[in-house]
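**Student:** okay, sequence plus prediction incoming.
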Amino acid sequence: LCAHTLREDWRLNATWQSVCAKGKDAPRSEDHPWPMYRLGDSSLGIRADFPFGKGGGLENKEFVQKFRFFLHEEGPFNMSDAEDCFRAKWKLPKRGALDPFEGLDRKMSHENRMYLLELFLWQSVREHPMRTRDPSQASLFVIGYTPIMLEWSQPCANIGDGNARQRAIHDTLSQNKWFKRRGGEDHLFLWTRYNLKPDKNLRSLLDSGPMVAVLERSFFMLQRKWPRAFEKGRVIMMPYVSSGFIDADIDPHRVARDQEYPHSRYFFRGNMKRHGEGLQREVVLPGLAKMLDKADFKHRKVNVGKDKPTVYTDLLNETASELRRASICPCPEGDSPTTLRPFEALAAGCLPFFMVEKEIIAYDIPFPSLVDWDSIALFARSMQDIGSCPNGLQETFRVLDALGGPKASSEVAERLERMRQRGKEVFFRHFSFLRNPKGVVSSMLYEARELLQRGFAHNMYHPHLRLKVEHEPTQQEREKQMQHLKGVDVHSGDM
């Protein structure tokens, strides 16, 4: 890639080997310049036997014709009352309305909306063609328990005591013959918010055998909530819910409006001063922005609960237009390795540039059996690694400049454009809650089928990774690793 060229198979010039390996046992590949890597590169030895994106697709005949699931929706599992109360409390249209999510971005902050898988998926689960009403025909049992809607709808007279409802779910499920048949191993439930408070006995029951669909696998608060499920690999990763300004059909008027925004080669919006991440975003992103051509990186933070809803609504609307005019979108890790950012980048046609260690992200991306992530995203080491390496910023700049800079070859530009278009298609097919919730449900069911057929061993974190996630470095430790960047003025040319 020294001459800004890139071969079709993404094997990069060997002279760009790792400049900052973390010890003799650090994962590295001679095919890619540091800090880049491919998820499917088995030479790195991380989840090397997993066929990313090679599961056969949602059209797999055996899946379509033979796989069936049963929805536990009887008695206390029927969450229609919780959904009605939830919609009333948040002033959303009633169930069954022509547009049941109208105005959601104006009525609820993005920090709440992004977790609401239940609200978007449950109707599609009920109506899904693979649902059977005969439990004897089911390969999978979906537990009709919607913890967010149950907790966030309180107080509500129609529901009564939410804790009593959870106890009733526990009592009914623990006595169900289909649950007891395999100890719940062929059951699945959703748990998409880290700070919900399950009943103690229900929590123990759900952690004993069922699979759990989550958004944040590497977030320690979820690992503590469901320790046995996480340890055994009974985890299905799900995508976050994107903004309606992005996950929507684009009318001609909006297309014309978006064209008024300037084109950026590299784009980032978000909090550059996240607590606990030390100097990572505060120095690495501005440092890269200074070196890169047409990099549009801005610090944006919404104070949910303090700012008026119009503040973040306007920000979401503007960011949607800016994303559609961007080429490459850096996606550093946040509380979770993925965050919402890469999904909205995919929807908008901006190529995600993950900045997360492979040993973490390889287990944290949604629907790995269905999606060939190397064909729709770029992957690099974490900002902590980049920032703590003396030459990290310069090497990362060289990679990004060769990929998306003004001197990038036409071959590279065409390859990236194909990846962007493919990313938009993948988003609609697997991640679009507003336009294709059935596709999200089908993808979740497919991954559950893969786990049931292959077993859970391939989906288990290595023990040292579990320890790593559980014992994240403190802010002081992070900043100590980046001492060489302290006092550097990113605007002075010292980078």
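**Tutor:** Received the coordinates, thanks.

**Student:** next, Leu370: secondary structure please.
**Tutor:** Following DSSP: H, G, I helix; E, B strand; the rest coil, we place Leu370 in the coil state.

**Student:** and it, how many neighbours?
**Tutor:** Per other CB atoms under 10 Å, the neighbour tally for Leu370 reads 22. Quick note: C-beta positions are derived from backbone N, CA and C, even for glycine.

**Student:** residues in contact with it?
**Tutor:** Going by CB atoms under 8 Å, 6 or more residues apart in numbering, Leu370 touches Gly53, Gly55, Gly57, Leu58, His430, Ser443, Tyr446, Glu447.

**Student:** shaky segments in the stretch 201-350 of the chain?
**Tutor:** Scanning the stretch 201-350 of the chain for pLDDT under 70 picks out 274-279, 302-310.

**Student:** which residues in it form helices?
**Tutor:** In the stretch 201-350 of the chain, the helices defined using DSSP state H, counting those that start in this stretch lie at 220-225, 227-232, 252-258, 285-291, 309-324, 341-348.

**Student:** among those, which is the most enclosed?
**Tutor:** Across the helices of the stretch 201-350 of the chain, averaging neighbours per residue (mean count of other CB atoms under 10 Å) puts helix 341-348 on top, at a mean of 27.

**Student:** run through who's touching whichever helix or strand comes after that one.
**Tutor:** Next helix or strand after helix 341-348 toward the C-terminus (DSSP states H and E): strand 351-355. Defining contact as CB under 8 Å, 6+ apart, one finds that strand 351-355 is touched by 327-333, 337-338, 341-342, 345-346, 361, 376-383, 386, 400, 416, 419-420, 423.

**Student:** give me the sheet partners of strand 351-355 and which way each runs.
**Tutor:** Strand pairing for strand 351-355, determined by DSSP bridges: strand 326-332 (parallel), strand 378-380 (parallel).

**Student:** tell me the gap between the helix or strand that contains Ala168 and the middle of its chain.
**Tutor:** Ala168 is part of helix 162-174, with elements assigned from DSSP H and E. Put simply, helix 162-174 sits 30 Å off its chain's centre (CA atoms, centre = their mean, to the nearest Å).

**Student:** other SSEs contacting that helix?
**Tutor:** helix 147-152, helix 200-206 (3 or more CB pairs under 8 Å, 6 or more residues apart in numbering; DSSP states H and E).

**Student:** contacts made by the first one with the rest, please.
**Tutor:** If I follow you right, that is helix 147-152. So helix 147-152 is contacted by 79, 82-83, 85-86, 89-90, 112, 115-116, 118-119, 159, 162, 165-166, 190-193, 196-198 (CB under 8 Å, 6+ apart).

**Student:** now which of these would you call buried?
**Tutor:** 79, 82-83, 85-86, 90, 112, 115-116, 118-119, 159, 162, 165-166, 190-193, 198 (16 or more other CB atoms under 10 Å).

**Student:** the helices and strands packed on helix 162-174: which one's closest to Thr172?
**Tutor:** helix 200-206 (10.5 Å; CB to CB).

**Student:** which parts of the closest one are buried?
**Tutor:** Within helix 200-206, the residues that count as buried by 16+ other CB under 10 Å are Leu202, Arg203, Leu205, Leu206.

**Student:** strands of this structure, start to end?
**Tutor:** Secondary structure of the chain (DSSP state E): strands at 36-37, 69-72, 140-143, 187-190, 211-214, 235-237, 264-270, 295-299, 326-332, 351-355, 378-380.

**Student:** select, out of these, the one closest to Glu102.
**Tutor:** The minimum distance between Glu102 and these falls on strand 187-190, with 23.4 Å, by CB to CB.

**Student:** so what's Pro33 scoring on pLDDT?
**Tutor:** As predicted, Pro33 sits at a pLDDT of 86.

**Student:** phi first, then psi, for it.
**Tutor:** Dihedral pair for Pro33: phi -70, psi 140, per degrees, to the nearest 10.

**Student:** can I assume it is in contact with Thr396?
**Tutor:** No: in this structure, Pro33 is not within contact of Thr396 by CB atoms under 8 Å, at 9.4 Å.

**Student:** so which of these two has more stuff around it?
**Tutor:** Thr396 (29 against 24).

**Student:** quick check: the gap between the residue nearest to the more buried one when sequence neighbours are not counted and Pro332.
**Tutor:** Leaving aside its sequence neighbours, Thr396 sits nearest to Ile386 (CB to CB, 6 or more residues apart in numbering; 5.3 Å). Per CB to CB, to the nearest Å, Ile386 is found 9 Å from Pro332.

**Student:** which residues are common contacts for the two?
**Tutor:** Counting by CB under 8 Å, 6+ apart, the contacts common to Ile386 and Pro332 are Val284, Met355.

**Student:** thinking again about what came up before, nearest to His170, of the helices and strands packed on helix 162-174?
**Tutor:** Set against His170 and scored by CB to CB, these come closest in helix 200-206, at 4.1 Å.
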